[in-house]
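>>> Here is my input, please return the structure:
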Amino acid sequence: MLQYIPSDARFTADHGWLQSRFSFSFAEYQDPANARFGMMRVFNDDIVQPGTGFGMHPHADMEIVTYVIDGKLEHKDSLGNKGVIDAGEVQRMTAGSGIYHSEYNPSAERPVRLLQMWVYPKHKDLTPSWEQKRFTREEQHGKLLPVISGGEREGALHIHQDATFYLSTLQAGESVRHTPNGNRRLLLFVIKGAATATVSDASLEGGEATQPLTEGDALRLTNAADLVIGTDAAAELLLVDLA
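Below is the predicted model:
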C-alpha cells in the first residue's frame, strides 16, 4: 500500500513562539483515523523561535527521537543531563518509567527547526536514558545512513523497538535504494529539496509507482518490495523502516 501525504495536508498549529506541523493526531489535532503508523505515534516538524521553548514536562513509555535540521536546541532532563543539540545531530531519549525534560532555543536571533518522532517501545517501564550524536552531511552523502536502530548497526544510536532511522543527502542525478527485509512499514520524508520515489509493490497497478516529492512531503508504504529515491537537483531525506 502506498499513501502520499503532501506537506500542506499536515495539520498546522501556530502559537507565535512555536510553529508545528503534525503528521499524526497530536495536541489540538485529533483524528482517530490518523493516530499512528505501525509503532510510530508522533512525527512533528517544529520551528521554535529564538529564546523560547518547552518547559519541563513529563513523558513515559515512549522512545523519543529528535533531529535538529537548522539552529540549536538545548536539552535538560530530570536525570541531570544537559546539552545542546546542533544542526545535524540526532538525540534519542527513552522515557521508560518516567522522565521530565525541557527543550529550549538558546539563540537570541535564530529559530531552530527540528523533527521530533515518538515510537512505542517494545517494553514498558524501561530505565530512562538519553544520548545524542552528530551525523555529518558527508557521512550521509549518496547513501542511506542508519542513525537510530533497534538492531546492531555500527555507529547508530539505540532504540528499544524494531525500527531503523536513516538520513540521506543526495545531489543531482544521485539515487539510493532500500529493499525492506520482509513485511515492513516505510515512512519517507523530504527534509529539504525535492526527490522522486519509485515504489515496487505487487498491489500497485503494473507493480510499480512513481511519486514526485518536495520539502515536507511524505510517503507511507506498507509491504513494499523495493524503494528507489532519486533527485534531479538536491535533497535531504529521512527514511524510517518499522516493524
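>>> Name the next helix or strand downstream of the longest strand seen in the chain, please.
When the chain is scanned for its longest strand (criterion: DSSP state E), the result is strand 185-200. The C-terminal neighbour of strand 185-200 among helices and strands, as given by DSSP states H and E, is strand 208-214.
>>> for the record, mean pLDDT for that following strand?
Average pLDDT, strand 208-214: 96.
>>> residue contacts, residue 204?
residue 2 (CB atoms under 8 Å, 6 or more residues apart in numbering). Every C-beta, even on glycine, is put in place using the N, C-alpha and C of the backbone.
>>> The same query, at a cut-off of 10 Å, please.
1, 2, 224, 225 (CB atoms under 10 Å, 6 or more residues apart in numbering).
>>> how's this protein carved up into domains?
7-134, 157-242 (automatic domain parsing).
>>> quick one, which of those domains is nearest to residue 146?
domain 157-242 (5.3 Å; CB to CB).
>>> now do the same end-to-end measure for that closest one.
Using CA to CA, to the nearest Å, one end of domain 157-242 lies 16 Å from the other.
>>> Surely residue 149 touches residue 241?
Yes: Residue 149 lies in contact with residue 241 (CB atoms under 10 Å); the separation is 9.1 Å.
>>> Which residues are in contact with each of these two?
Joint contacts of residue 149 and residue 241 (CB under 10 Å, 6+ apart) are 162, 163, 164, 165, 166.
>>> And the last one, how close does it get to residue 30?
Okay, so that is residue 166. 30 Å (CB to CB, to the nearest Å).
>>> Also the fourth one?
Residue 165 sits at a distance of 26 Å from residue 30 (criterion: CB to CB).
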